[in-house]
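Engineer: below is the sequence, then the predicted model.
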Amino acid sequence: MTVLGAPDLITLTLSEFADQAYRISRAGELPLLVDADHGYGNALNVMRTVEELENAGVAGLSIEDTDLPQAFGQQGKARLLSMAEAEGKLKAALAARRDPNLVIAGRTHAGLAGPDELIERVNCYQAVGVDAIFVVGVKTRDQLEALHASVTLPLILGNVPATLMERDYLAAQGVRICLQGHQPFMAAVQAVFTTLQALRNGTAPKELANIAPNELIKQVTRADDYQRWMTDYLDPDKTP
């Protein structure tokens, strides 16, 4: 969405994704975990995906077992790869990893696999040797508790309903990361739209609401660092 201004339909290329990951990685020091979707193809493409994202500086990535991109005649109905193909892709991801500290998570969808198949899949992916299990679509405590009882790896959850959003409970069930959606991105879109609309309608720049203060802009752009470097390396009185 941020690169192409398009829906999340797997139209982004690996090179575009890796470039974006690199820009994020170089801008800060926090570990970056990315959703690498289906690895942009078959098991060999997954190996290339891991290579490029590792070079881009990510700390972790997930490879999912959804059949992507949407095939002709699929009519918007998502489906899972065979367990054998998904297993091969995860093995390929692990083989391509050069830094042992790079986290690789196997991802599946609770809404596309029945309860028994879901447990079978996560057990398979754990046996492959991934570092974490990422499950989208867990809706109930019974589902989560069955997952926790089946695997020993850390759990990552996506699209978690409000009824499960109790941090102590999630932590007790082995959940270490809980994704809550794209709200920060959507908030940014709304802020840009509202600001441009206000300017178009005649609001003076100084009267705009919710504008980041200069102090915050200086912080996120590392202005003090750049000022120090300019002084150290561009000032003739400082340079030998």
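Structural biologist: Sure thing, it's come through. Values in this document were obtained by computation on a predicted structure and should not be read as measured data.

Engineer: going by C-alpha atoms from here, please, whenever you check contacts or count neighbours.
Structural biologist: Will do.

Engineer: doesn't Gln126 make contact with Lys91?
Structural biologist: No. Taking Cα atoms under 8 Å as the definition, Lys91 is not a contact partner of Gln126, at 10.9 Å.

Engineer: next, the residue positioned nearest the centre of the chain: secondary structure please.
Structural biologist: With distances taken as Cα atoms, centre = their mean, the residue of the chain nearest its centroid is Val34 (3.2 Å). Here Val34 is recorded as strand under DSSP: H, G, I helix; E, B strand; the rest coil.

Engineer: tell me the spacing between Pro7 and Asn214.
Structural biologist: 33 Å (Cα to Cα, to the nearest Å).

Engineer: hey, where'd the helices end up in this protein?
Structural biologist: For the chain, the helices defined by DSSP state H cover 14-27, 43-55, 83-96, 115-128, 141-150, 167-172, 183-200, 214-220, 223-234.

Engineer: Throw those helices into CSV and include distance to Val3, thanks.
Structural biologist: Shown next, in CSV, are the helices of the chain (distance: least, Cα to Cα, whole Å):
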stretch, distance to Val3
helix 14-27, 8
helix 43-55, 16
helix 83-96, 25
helix 115-128, 31
helix 141-150, 34
helix 167-172, 32
helix 183-200, 12
helix 214-220, 20
helix 223-234, 25
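
Engineer: could you dump those into a markdown table and include mean pLDDT, distance to Asn159 and mean neighbour count?
Structural biologist: Shown next, in a markdown table, are those (pLDDT from 0 to 100; distance: least, Cα to Cα, whole Å; neighbours: other Cα atoms under 10 Å):
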| stretch | mean pLDDT | distance to Asn159 | mean neighbour count |
| --- | --- | --- | --- |
| helix 14-27 | 96 | 22 | 16 |
| helix 43-55 | 98 | 24 | 20 |
| helix 83-96 | 98 | 22 | 19 |
| helix 115-128 | 96 | 16 | 17 |
| helix 141-150 | 96 | 13 | 15 |
| helix 167-172 | 97 | 14 | 13 |
| helix 183-200 | 95 | 12 | 12 |
| helix 214-220 | 96 | 29 | 10 |
| helix 223-234 | 94 | 36 | 12 |
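
Engineer: quick one: closest of those helices to Gly73.
Structural biologist: Nearest to Gly73 among those is helix 83-96; the distance by Cα to Cα comes to 21.1 Å.
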